[in-house]
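Q: quick one: sequence plus predicted model below, questions after.
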Amino acid sequence: MFNFLEQNSLFVVLLVVLIIWIGLYYEIIKLEKRLKKIEKKNED
Amino acid sequence: MKLKYFIGILFVLVILLSFIPKISGNLTDVKFYSTIDTTKIIPVKGVISEISNNLYKFIDKDGNEGKLYASNITNKEGIFYLKYNEYENHFTLKKFEKNTFFITFPFIPGLEEKARIILFHVPVAWVSVLAFLISMFYGIRYLKSENYEFDVKSVNSASLGFLFCILATVTGSIWARFNWGSFWNWDPRETSIFILLLIYAAYFALRSAIEVEEKKAKLSAVYSIIAFVTVPFFIFILPRITSGLHPGSADDLSSPGGGPVIKSGMSFEMRIIFFLSLIAFTLLYFWIFTLKNRVTELERKKI
């Protein structure tokens, strides 16, 4: 894996962009969970 | 146009513009690095015109001229992967690639393709500083007015800043594995961001430790101000006055005496894409920040 990334360093850039995306996605999922809780309370 | 669509379009643009341009040095680079590493092949964007059989005149993107020795060339323009022959003062062609896109990124030895990471890694770090600043701003406003709304905004901004700080650390550590050989090198900037992470982790620990709402808000507002006071020192001062691996350190030859990271090796086109990315990440931060504020506002109304 490391050898592949070392030889095709464009994929390292891709990996970095993906990690940033995963981090932001995690934040949005957390927000969605909080919203769901509010919706549930609203129904009750 | 609505902000969220604008951010989306801006991100598509930034990601396309950071992956499509090819790396291209100039003939001076080829000459220089051939004396250091004789096996090194360097891409150069340029135009050729034939002088005689197998011998071409090569003009690179910066207007430097050189003699190119090659056979079977059909294209006159594109990216030429060159090696320099010191004894006969001509370049030899190793590989050819068509290039139709007008922007190229500069050739930076050691970084090469990885130079593109700077278009994401630095804006993320910048947004974390901005988020901490805004956390302090709302902390001060809370202390002035004792309005619960400002406390919520202060926490939301700090938690987003913490996320971006972690992202900057992780992406930087991956970059370090491929450029400096190890995930963590205790470079001044790495050390200072680590301390910064600890400082803001303590902020969240403090908040969860206090149960009384008013006391919690007041203490965390004071703490967010104290925490931000250390940020300029850790991000802007310490890494510039000490010698380290990051560009812009005190022993960096391209910016003597230290300076901002972005001063190193970026061309004009790359700098424009860099600032586009900076704007995109900043707007994205503000969008998620307002979303979080709206959700916490809803939560508060329901209680």
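A: Received it, and whenever you're ready, just let me know what you need. Predicted model, so just to flag it, every value in this text is computed and none were measured. Numbers count the residues shown, from 1 in each chain, chains lettered A, B, ... in the order given.
Q: interface residues of the stretch 101-250 of chain B facing chain A?
A: Proximity of the stretch 101-250 of chain B to chain A, by C-beta under 8 Å from any C-beta of the partner chain, involves residues B:112-114, B:116-117, B:120-121, B:124, B:160, B:163-164, B:166-167, B:170-171, B:174-175, B:177-178. All C-beta atoms are positioned from the backbone trio N, CA, C, and that covers glycine.
Q: host element of residue 18?
A: Using chain A here. Here residue A:18 sits within helix A:10-43, counting by DSSP states H and E.
Q: you answered for a different chain; I wanted chain B.
A: Per DSSP H and E, residue B:18 falls inside helix B:3-19.
Q: that helix: how far from the chain's middle?
A: With C-alpha atoms, centre = their mean, to the nearest Å as the basis, helix B:3-19 stands 16 Å off its chain's centre.
Q: residue ranges for the strands of the stretch 51-200 of chain B, please.
A: Taking DSSP state E, counting those that start in this stretch as the criterion, the stretch 51-200 of chain B contains strands spanning B:55-60, B:65-69, B:77-85, B:90-97, B:104-106.
Q: relative to residue A:16, which of those strands is closest?
A: Counting by C-beta to C-beta, residue A:16 lies closest to strand B:104-106 out of these; the figure is 15.5 Å.
Q: which helices and strands does that closest one pack with?
A: Here strand B:104-106 touches strand B:22-24, helix B:268-302, going by 3 or more C-beta pairs under 8 Å, 6 or more residues apart in numbering or on different chains; DSSP states H and E.
Q: any idea of the pLDDT on the residue nearest to residue A:38 when sequence neighbours are not counted?
A: Once flanking residues are discounted, residue A:38 sits nearest to residue B:298: 5.1 Å by C-beta to C-beta, 6 or more residues apart in numbering or on different chains. Looking at residue B:298, its pLDDT stands at 89.
Q: and the helix holding residue A:18, which residues are buried?
A: For helix A:10-43, the neighbour count (16 or more other C-beta atoms under 10 Å in any protein chain shown) marks A:12, A:13, A:15, A:16, A:17, A:19, A:20, A:23, A:24, A:27, A:31 as buried.
Q: dump the residue contacts of the last one.
A: Yep, that's residue A:31 we're talking about. Residue A:31 sits next to B:288, B:291, B:292, B:295 when contact means C-beta atoms under 8 Å, 6 or more residues apart in numbering or on different chains.
Q: so residue B:33 makes contact with residue B:39?
A: No - applying C-beta atoms under 8 Å, one finds residue B:33 not in contact with residue B:39, separated by 10.2 Å.
Q: out of the two, which sits in the more crowded spot?
A: residue B:33 (18 against 6; other C-beta atoms under 10 Å in any protein chain shown).
Q: which stretch of helix or strand covers the more buried one?
A: Applying DSSP H and E, one finds residue B:33 within helix B:27-36.
Q: contacts for that helix?
A: By C-beta under 8 Å, 6+ apart, helix B:27-36 touches B:40, B:42, B:44, B:46, B:58, B:60, B:62, B:64-66, B:82-84, B:86, B:91, B:107, B:109.
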